[in-house]
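Engineer: Quick one: sequence and predicted model below, then my questions.
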Amino acid sequence: MLSILARAPAVLMLAAVALPAPADAKRRPRPAPYKVRIESVMAHEKFLAGPELRGRASASRDEAIAAAYVAAQFSQFGLTPAPGMSGYLQTAKVIRLAVKGAATLSVDGTPVPGFALILGSGEPVTGKMAVFTGDKPADMPAADVVIVPSFKGSPFALFGAARAKKVKLLIVPESAATKGVLATNGNAPQLPVFLEGTTPPPRPTVGSLPADTLSALAGRAGATVALTLTDVAREESITTNAIGYITGTDAKAGTLLFSAHLDHIGALPNGTVMYGANDDASGTVAVIEIAKAMAAGRRPRRSLMFVAYGSEEIGLFGSNYFAKNPPIPLTDIVANLEFEMIGAQDPKLPKGVMMMTGYDRSNFGPSMKAHGALVTADPYPEQNFFQRSDNYALARQGIVAHTVSGWALVPTYHQPTDTIENIDFKFMTNAIQSLIAPVKWLAYGKFTPEWTKDGKPKP
């Protein structure tokens, strides 16, 4: 038998078990809401849009470094490679055509001096010449070759009409606008850029001639025009998507996709660096920060995929490649939210609020807004922004996919002034913060976004 002293610890332990716990001891403190730190936002932004990456040109080494940086963040947060992938990077080959020799123009076999090739298909052109003297591009004749001796509007307003009329060669008057386009491209014509294994869509070749030369040709309608190209080279490069994944607890609940494009224009031929701080380092930072927030919490019901696409600027190539080579079946993707230029506030919108492209096409935006997201309808429907970002490749596949943007028509768009100094970090941080709770609601809940009656785009 134990002595009283020996039994004391046991008695005390039993007493402790028997005594009711204090009321406040039964309550587990709720974790503090996740906070997006402005210091973190600034750090990511300063690297992606800093001088070291020289504007992250599409399908370049700098783009690949940016993708590797995003992948490193995913790995650090505890995200895994997507199903079927051995790492965080998805690559694709991009083909560029380039004229290394001369482009010569002749009319009825006689060379015409002063011709400048601006935009080309990479193929020679031969056909009968028609003359267009109207003011409305829609009235352009449907001919193989169309010359425009004079036009009151922008010469590039004629391009859409030429494409619609299946014109093979459009020749416009030489102007400051045509010279400016050539100068931006290093005085070289823009030829097709496309993903390996695909065929670039047909487009008219566009060139210019001095106005007096075009006027002299105007009286020769029906003449045979020939454009000859020499030494068209095929250049190959690699574009890179960074992909991270969080596996949900319910395999049947589907996957939410959050994305942005990590590339920009890079350095111009004259050495000017287009940093792309807002377009779209800011969107890439949003993807990183939301991935960080979701990885820090409990495991979500739905799986989550985070993607930073490459080569958006030269043709939405990263997102198109992803849509055709998804790590998971596209039918498993419940919805996609794309982030594009969230580093500045549109003065047309309420303070602190972002726009969502195609807002009225589905119940996604209104539902996110109801749960705290600072989003509203796109005030520029005439700009067709819904079709102009990476969300569209997935929307055409039937996935409810939209883009949020702070200021789609920001004055720094595609300008050397799109730098870190012109980022509104407070707005950007608050905008990302407003999305954390709605994203968690989507990730842990059962709400599934749906298209409105006429909102779903055609494939």
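Structural biologist: Arrived safely. Numbering: from 1, shown residues only.

Engineer: Figure out how far the strand ranked longest in the chain is from the centre of its chain.
Structural biologist: When secondary structure is assigned using DSSP state E, the longest strand within the chain turns out to be strand 232-246. Strand 232-246 has its C-alpha centroid displaced from the chain centroid by 14 Å (C-alpha atoms, centre = their mean, to the nearest Å).

Engineer: same question, stretch 388-396
Structural biologist: With C-alpha atoms, centre = their mean, you get 9 Å for stretch 388-396.

Engineer: Please put the alpha-carbon coordinates of stretch 61-72 into CSV.
Structural biologist: Backbone C-alpha positions of stretch 61-72 (Å, rounded to 0.1, in the frame of the first residue of the first chain) are rendered in CSV as follows:
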residue,chain,number,x,y,z
ARG,A,61,16.7,34.1,-70.9
ASP,A,62,15.3,37.0,-68.7
GLU,A,63,11.8,35.5,-68.9
ALA,A,64,13.3,32.1,-67.9
ILE,A,65,15.0,33.7,-64.9
ALA,A,66,11.7,35.3,-63.9
ALA,A,67,9.9,32.0,-64.2
ALA,A,68,12.6,30.3,-62.1
TYR,A,69,12.2,33.0,-59.4
VAL,A,70,8.4,32.4,-59.3
ALA,A,71,9.0,28.6,-59.1
ALA,A,72,11.4,29.1,-56.2
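
Engineer: And the average pLDDT for that stretch is what?
Structural biologist: Taken as a whole, stretch 61-72 carries a mean pLDDT of 98.

Engineer: after the longest strand of the chain comes which helix or strand?
Structural biologist: Past strand 232-246, further along toward the C-terminus, the next helix or strand under DSSP states H and E is strand 255-261.

Engineer: Let me know the angle separating that following strand from strand 232-246.
Structural biologist: Angle between the axes of strand 255-261 and strand 232-246 is 140 degrees (criterion: axes from the mean of the first three to the mean of the last three C-alpha atoms, to 10 degrees).

Engineer: packing partners for strand 255-261?
Structural biologist: With contacts defined as 3 or more C-beta pairs under 8 Å, 6 or more residues apart in numbering; DSSP states H and E, the packing partners of strand 255-261 are helix 282-296, strand 303-309, helix 317-324, strand 333-339, helix 425-444. Every C-beta, even on glycine, is put in place using the N, C-alpha and C of the backbone.

Engineer: what is the orientation angle of the third one with strand 255-261?
Structural biologist: Between the direction of helix 317-324 and that of strand 255-261, the angle (the same axes, to 10 degrees) works out to 160 degrees.

Engineer: And for the first one?
Structural biologist: Relative orientation of helix 282-296 versus strand 255-261 (the same axes, to 10 degrees): 150 degrees.

Engineer: for the fourth one, same thing?
Structural biologist: Here the directions of strand 333-339 and strand 255-261 differ by 20 degrees (the same axes, to 10 degrees).

Engineer: what sits up against the helix or strand following strand 333-339?
Structural biologist: For strand 333-339, the following helix or strand on the C-terminal side (DSSP H and E) is strand 354-356. Among residues not part of strand 354-356, those counted as contacts by C-beta atoms under 8 Å, 6 or more residues apart in numbering are 342, 346, 349, 364-365, 368, 374-380, 402-406, 408, 431.

Engineer: Can I have the buried ones of the residues you listed as a PyMOL selection?
Structural biologist: PyMOL command restricting these to the buried ones, with burial defined by 16 or more other C-beta atoms under 10 Å:
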select buried, resi 342+346+349+364+365+368+374+375+376+377+378+402+403+404+405+406+408+431
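
Engineer: Cross-reference the contacts of strand 354-356 with the helices and report the matches.
Structural biologist: When DSSP state H defines the helices, the subset of the contacts of strand 354-356 inside them is 364, 365, 368, 431.

Engineer: tell me which of those residues is nearest to residue 270?
Structural biologist: In terms of C-beta to C-beta, no member of the ones in helices among the contacts of strand 354-356 lies closer to residue 270 than residue 431, at 34.1 Å.

Engineer: Confidence-wise, which helix or strand of this structure is lowest on average?
Structural biologist: Of all the helices and strands that make up the chain, helix 4-18 has the lowest average by mean pLDDT, DSSP states H and E, namely a mean of 41.

Engineer: hang on, the earlier thing: list the buried residues for the longest strand of the chain?
Structural biologist: Counting neighbours by 16+ other C-beta under 10 Å, one finds that the buried residues in strand 232-246 are 232, 237, 238, 239, 240, 241, 242, 243, 244, 245, 246.

Engineer: List the contacts of the closest residue to residue 377 other than its chain neighbours.
Structural biologist: Leaving aside its chain neighbours, residue 377 sits nearest to residue 359 (4.0 Å; criterion: C-beta to C-beta, 6 or more residues apart in numbering). By C-beta under 8 Å, 6+ apart, the residues touching residue 359 are 365, 366, 375, 376, 377, 378, 402.
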